[in-house]
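[1] I'll drop the sequence and a predicted model, then ask my questions.
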Amino acid sequence: METKKAIISVTNLIKKYDDFVAVQGLSFEVYENEIFGLLGPNGAGKTTTLEIIETLREKTSGEIIVDGFSVDKQAQDIKQIIGVQLQAAGYYPNLNLVELLELFAGLYGADVKPMEMLEKVNLQDKAKAKYKALSGGQKQRFSIATTLINQPKIIFLDEPTTGLDPQARRNLWDLITEIRDAGTTVVITTHYMDEAEQLCDRVAFVERGQIIALDTPDNLIDQLVNSGFERKKEVKKANLEDVFINLTGKEWRE
Ligand SMILES: Nc1ncnc2c1ncn2[C@@H]1O[C@H](COP(=O)(O)OP(=O)(O)OP(=O)(O)O)[C@@H](O)[C@H]1O
């Protein structure tokens, strides 16, 4: 990674839901133009943390700066430069994909061409389709397209590949990498460690509302190996997912 400028700084973030402390003093930085993964068990506090950074949820205390703007005083400025996946409920059922993108662009006051957006995520053939008629992978790609409407500096993707088949997942990894390579910072959560290893430049492990490790996947694996860890079973040169991909091909297909 050439540049190491922080675009997100989270310092001592605390979030309480009544008496329950969901986030217990998190501090981390996301660098400009990296894919940063927040990993950890169910209920660790990942989504809560993302939603606070996205200015969608109030924090209890702590400081968050996004591209120089404070979540406390400049939430509107932050909203302008980030892209967040909308809940599927926001996709009006009677509108097709082009119409939905036109609607969202209008709401953002953004000057985008819906067909170009659809081409970016390889959905140009589905321009006239309704959201509910898309496959799981297509729905995710459309949802990612909606995060790009306001040409954001940072996009947030919460478990974007959950429930997708191996090809759709790999296609999405390619898409997310392209988005990073085009200059956008990506913050992602995932429960798939192979995905985090392949896709993320750096990852933070969150456990019970605290960060317990943060580094590149390579460094974290090396540290574990250097501590004497060994897998019980000999690792083969391929796994069952490789067999799947090899049998069924890599092309876009849904
Ligand atoms: N609105 C809420 N009110 C009360 N408790 C909440 C609320 N939202 C989340 N929590 C609790 O805060 C904790 C953290 O939840 P969060 O959704 O941030 O975890 P997560 O790491 O994203 O989990 P997952 O991997 O399952 O998505 C959980 O114990 C959850 O039950």
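    Alright, I've got the coordinates.
[2] okay, CA-based contacts and neighbour counts for the rest of this
    OK.
[3] tell me the mean pLDDT over stretch 207-224?
    Here stretch 207-224 scores 94 as its mean pLDDT.
[4] equivalent analysis for stretch 73-93, please.
    What stretch 73-93 shows for mean pLDDT is 88.
[5] tell me how far the ends of that stretch are from each other?
    Chord length of stretch 73-93, first to last residue, is 36 Å (CA to CA, to the nearest Å).
[6] go on, stretch 106-121?
    By CA to CA, the extent of stretch 106-121 from end to end equals 20 Å.
[7] quick check: mean pLDDT of it?
    For stretch 106-121, the mean per-residue pLDDT is 89.
[8] same question for stretch 235-243.
    pLDDT averaged over stretch 235-243 gives 85.
[9] identify all contacting residues around stretch 44-54.
    In this structure, residues lying in contact with stretch 44-54 by CA atoms under 8 Å, 6 or more residues apart in numbering are 15, 22-23, 38-40, 57-59, 64, 66, 71, 78-79, 82, 84, 156, 158, 189, 206-210.
[10] 7 Å instead, please
    22-23, 38, 57-59, 64, 206-209 (CA atoms under 7 Å, 6 or more residues apart in numbering).
[11] quick one: that stretch to chain centroid distance?
    Distance of stretch 44-54 from the chain centroid (CA atoms, centre = their mean, to the nearest Å) equals 12 Å.
[12] next: stretch 205-213.
    Chain-centre distance of stretch 205-213: 18 Å, with CA atoms, centre = their mean.
[13] from start to finish, how long is it in a straight line?
    Taking CA to CA, stretch 205-213 runs 5 Å from one end to the other.
[14] just to revisit the earlier point, of the contacts of stretch 44-54, buried ones?
    Those of the contacts of stretch 44-54 that meet the buried threshold are 22-23, 38, 59, 64, 206-209, by 16 or more other CA atoms under 10 Å.
[15] and these, which is closest to residue 130?
    Of all those, residue 130 sits closest to residue 38, with 31.7 Å by CA to CA.
[16] number of nearby residues for residue 112?
    As a burial measure, residue 112 scores 17 neighbours (other CA atoms under 10 Å).
[17] so it belongs to a strand, correct?
    No: going by DSSP: H, G, I helix; E, B strand; the rest coil, the assignment for residue 112 is coil, not a strand.
[18] element containing residue 128, please.
    Here residue 128 sits in a region with no helix or strand, counting by DSSP states H and E.
[19] one step back: which of the contacts of stretch 44-54 sits closest to the ligand?
    Set against the ligand, the nearest of these by CA to the nearest ligand atom is residue 22 (4.5 Å).
[20] contacting residues for that closest one?
    Residues in contact with residue 22 (CA under 7 Å, 6+ apart) are 15-16, 45, 208-209.
[21] who does the host helix or strand of it pair with, and is each partner parallel or antiparallel?
    Per DSSP H and E, residue 22 falls inside strand 20-31. Sheet pairing for strand 20-31, assigned by DSSP bridges, gives strand 6-17 (antiparallel).
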